[in-house]
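Chemist: A structural model of the following input is requested.
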Amino acid sequence: MPDSPMAPPPAMRLRVDSGAISDNWRTLDAMSGTARAAAAVKADAYGVGIDRAMPTLLDAGCRDFYVAHWCEVAGAIRHAAPENVAVLHGPITQADCEYARQTGVRPVLNSLAQVGLWQSTGGGPCDLMVDSGMNRLGLRPDELGDPALAGLEVITFMSHLACADEDSAMNGRQRDLFASLLAAVPHRRASLANSAGIALGAGFQHDLTRPGVALYGGVVRSELVGKIRPVVGLEAALIQVRTVPAGETVGYGAAFTAQRDTRVGIVSLGYADGYLRCWSDVGVFRSGNAPLPVLGRVSMDMTAIDLSSAPDLAEGDWVSAEYDLPTAAQRSGLTQYELLTVLGPRLRA
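Modeler: Numbers count the residues shown, from 1 in each chain. You can find the predicted model right below:
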């Protein structure tokens, strides 16, 4: 059987600055004071790619990693020691518990039902989430005295901030409630702060912080401006260049009408790749310093751009999308988290 031919490189790509990931983790670790910074690598490292992000984070000094789903465990333990990986959603079936023990990763227990399931199947090291006001995952504070928790081997006692990216009174309420609960359950370390929570100061940092979006270039509080480096960039090749006569339209819905003869480029990037329709008539690509505005609606696999400011561009040339996360969030209406996690698998191929 002859070998299958190797496919040519794709005409779109995600540019990832690994050095920026390293610098961002070191910055967040330093901002964490006496605490150590972990790394959230769920959702394929927020769309950056776990196989890109985790080796970089390990080289930078990170040793603790959090995924959300059990299906993400295999990707994480390709790189990190299993005992340093925890699964945020916890076990809901006996099979989840068996998988945790077979792989050596820790479940984060989020309810008395999960505590009972973990204990009844053999127990062992785990993390324990308490709800300090978000009403999403976690035991309620009044459940921490339940006999089911007796003998639980809690590595990390944790909670999650709901409004850390805002100057909200809720931050202080959650900080104070979490501090009041620390004596309720024996544990090795405590953890409250996410990326934004790190910037709130020592009262939020405890023993372990859990940054996520800021590792990958998200700037979620003003204290992080100038400290967090951009990580990702979107690039695509021009697959066709054409002149659209004045009065003719471009794309689905005929949403753009040329007011003059316009040189238009079609790039091989669209909403299937995470460059969503919210960028229609809003997004901008660049060739060097030349702006190349998006014309009309973004399609599944293609986007039309105005080449008027870069007359020398030709088919096969590459252009870059403006995708600075804080600015892109303001322009698109998406959050910085969404801008990262919607990035499609073709970009990470």
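Chemist: Number of residues surrounding F178?
Modeler: 24 (other Cβ atoms under 10 Å). No exception for glycine: its C-beta is placed from N, CA and C like everyone else's.
Chemist: Shouldn't V264 be within a strand?
Modeler: Yes: assessed with DSSP: H, G, I helix; E, B strand; the rest coil, V264 lies in a strand.
Chemist: And for it, the neighbour number?
Modeler: Neighbours of V264 (other Cβ under 10 Å): 23.
Chemist: Contacts only, for it.
Modeler: Applying Cβ atoms under 8 Å, 6 or more residues apart in numbering to V264 gives the contacts V241, R242, T243, V244, V250, L295, A304, I305, D306, L307.
Chemist: The first one: what secondary structure?
Modeler: In the three-state summary, V241 is assigned as strand, counting by three-state DSSP.
Chemist: How confident is the prediction for it, by pLDDT?
Modeler: Note on V241: pLDDT of 98.
Chemist: Tell me what it is bridged to.
Modeler: Judged by DSSP bridges, the bridge partners of V241 are G265.
Chemist: mind checking how far it is from A304?
Modeler: According to Cβ to Cβ, to the nearest Å, V241 stands 11 Å off from A304.
Chemist: Make JSON lines from the contacts of V264 and add neighbour count to it.
Modeler: Formatted as JSON lines, those follow (neighbours: other Cβ atoms under 10 Å):
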{"residue": "V241", "neighbour count": "15"}
{"residue": "R242", "neighbour count": "13"}
{"residue": "T243", "neighbour count": "11"}
{"residue": "V244", "neighbour count": "19"}
{"residue": "V250", "neighbour count": "21"}
{"residue": "L295", "neighbour count": "26"}
{"residue": "A304", "neighbour count": "25"}
{"residue": "I305", "neighbour count": "29"}
{"residue": "D306", "neighbour count": "21"}
{"residue": "L307", "neighbour count": "26"}
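Chemist: Between those residues, which sits nearest A37?
Modeler: For the contacts of V264, the residue nearest A37 by Cβ to Cβ is I305; the value is 39.0 Å.
Chemist: residues in contact with the one helix or strand that closest one maps to?
Modeler: When elements are assigned from DSSP states H and E, I305 belongs to strand 303-306. The contact list for strand 303-306, computed with Cβ under 8 Å, 6+ apart, reads 236, 250-251, 256, 262-267, 269-270, 275, 279, 283, 285, 292-296, 319.
Chemist: what element comes up after that strand heading to the C-terminus?
Modeler: Heading C-terminal from strand 303-306 (DSSP H and E), you reach strand 318-321.
Chemist: ok, and what's touching the next helix or strand after that following strand?
Modeler: Using DSSP H and E, the helix or strand that follows strand 318-321 in sequence is helix 325-332. Helix 325-332 has contacts (Cβ under 8 Å, 6+ apart) with 217-219, 230, 276, 278-279, 282-283, 322, 334-336, 339-340.
Chemist: cool, and stretch 84-92?
Modeler: Applying Cβ under 8 Å, 6+ apart, the set of residues contacting stretch 84-92 is 42, 63-70, 72-73, 76-77, 96-97, 100, 105-111, 114, 117-118, 127, 129, 137, 155-156.
Chemist: Report the rounded mean pLDDT for it.
Modeler: pLDDT averaged over stretch 84-92 gives 98.
Chemist: distance between that stretch and the chain's centre?
Modeler: In terms of Cα atoms, centre = their mean, to the nearest Å, the centre of stretch 84-92 is set 17 Å apart from its chain centre.
Chemist: List the buried residues of it.
Modeler: Under the neighbour-count criterion of 16 or more other Cβ atoms under 10 Å, stretch 84-92 has N84, V85, A86, V87, L88, H89, G90, P91 buried.
Chemist: Also stretch 276-283?
Modeler: For stretch 276-283, the neighbour count (16+ other Cβ under 10 Å) marks L276, W279, S280, G283 as buried.
Chemist: Including distance to R52, could those residues go into a markdown table?
Modeler: As requested, the buried residues of stretch 276-283 are arranged in a markdown table below (distance: Cβ to Cβ, whole Å):
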| residue | distance to R52 |
| --- | --- |
| L276 | 22 |
| W279 | 24 |
| S280 | 29 |
| G283 | 24 |
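Chemist: Mind checking which of the contacts of helix 325-332 are in helices?
Modeler: Using DSSP state H, Q336, L339, L340 are the members of the contacts of helix 325-332 that sit in helices.
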